[in-house]
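Colleague: structure for this input, please:
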Amino acid sequence: MNNELLDLFQSRVNDMGGWCAIAGSSKEINSIIEEKYKLGEEEVLYSGRIVEQFNDLTVTGTDLTNISPDKRRDVMAGAKLGITMCDGLIAETGTAVLVNHIAEPRELSLLPERHVVIALSDQLYPTLDKCLEKIKNSYPAGKLPSITLISGPSRTSDIEKSLVVGVHGPVEFGVVVVDRGK
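Modeller: Presented below is the predicted three-dimensional model:
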């Protein structure tokens, strides 16, 4: 893993009001999340992509794919924590890039009170251009799904520059970067 890029990414995430931790295994992911958030199973939702990527991950919570499609939106809106994978991390801005997937609806990153992204260390790119080039090459021409860019907790400000956090999405944002070579 490129430590300079990781240091820059962590710095930018912190600048934007989020947090970033490094894990060497799925057990460390679980420890980080459980230490940060003391939540019950019904309060935490995670995507099917996480199950696909980490078959030995044991996070207290519910796999979103186990909830009937007609109830998912309400369950996501009531969740305290949504956990998703990502498709890239941008070091220069501290941004997580999420491509819309069937096993991971975009709302899982937007509706719960808090959002944690799980990323692999090889998903760290210096710039958005490099990341989008890699993502674009993964899909047939004209078939790229929607992409969400997340840089810290939701925030907005009024004309008087009064900043308000968590108005249109999660009030807290975190990233766990998994460095399997750690």
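Colleague: lowest average confidence, helix or strand, in this structure?
Modeller: Across the helices and strands of the chain, mean confidence by mean pLDDT, DSSP states H and E is lowest for strand 163-165: a mean of 50.
Colleague: centre-most residue in the chain?
Modeller: Per CA atoms, centre = their mean, the C-alpha nearest to the average position across the chain is that of Val117, at 2.2 Å.
Colleague: make sure it is indeed in a strand.
Modeller: Yes: under DSSP: H, G, I helix; E, B strand; the rest coil, Val117 sits within a strand.
Colleague: quick one, strands of the chain?
Modeller: Listed in chain order, the strands of the chain (DSSP state E) span 19-23, 44-46, 62-63, 81-85, 88-90, 95-99, 114-120, 124-125, 147-150, 155-157, 163-165, 172-178.
Colleague: contacts for the lengthiest helix in the chain?
Modeller: If you go by DSSP state H, the chain has its longest helix at helix 3-15. Residues from elsewhere that reach helix 3-15 (CB atoms under 8 Å, 6 or more residues apart in numbering): 19-20, 22, 89-95, 121, 124-126, 151-152, 173, 175, 177. Where you see a C-beta, it was placed from the backbone N, CA and C, and this is true even at glycine.
Colleague: please indicate which of those are buried?
Modeller: 19-20, 22, 89-91, 93-95, 121, 124-125, 151-152, 173, 175, 177 (16 or more other CB atoms under 10 Å).
Colleague: is it true that Glu107 touches Met76?
Modeller: Yes: applying CB atoms under 8 Å as the test, Glu107 and Met76 come out as touching, 5.2 Å apart.
Colleague: flag the shaky bits of the chain, pLDDT-wise.
Modeller: 1, 153-169, 180-182 (pLDDT under 70).
Colleague: again, only using 80
Modeller: When residues are selected by pLDDT under 80, those of the chain lie in 1, 40-42, 55-60, 141-142, 152-169, 180-182.
Colleague: distance-wise, check Leu132 relative to Asp87.
Modeller: To Asp87, Leu132 is 10 Å away according to CB to CB, to the nearest Å.
Colleague: who has more neighbours out of the two?
Modeller: Between Leu132 and Asp87, counting by other CB atoms under 10 Å, Asp87 is the more crowded of the two (22 against 18).
Colleague: which residues touch the more buried one?
Modeller: Val97, Leu98, Val99, Gln123, Cys131, Ile135, Ile147.
Colleague: could you count how many residues lie near the last one?
Modeller: For Ile147, the neighbour count with other CB under 10 Å is 16.
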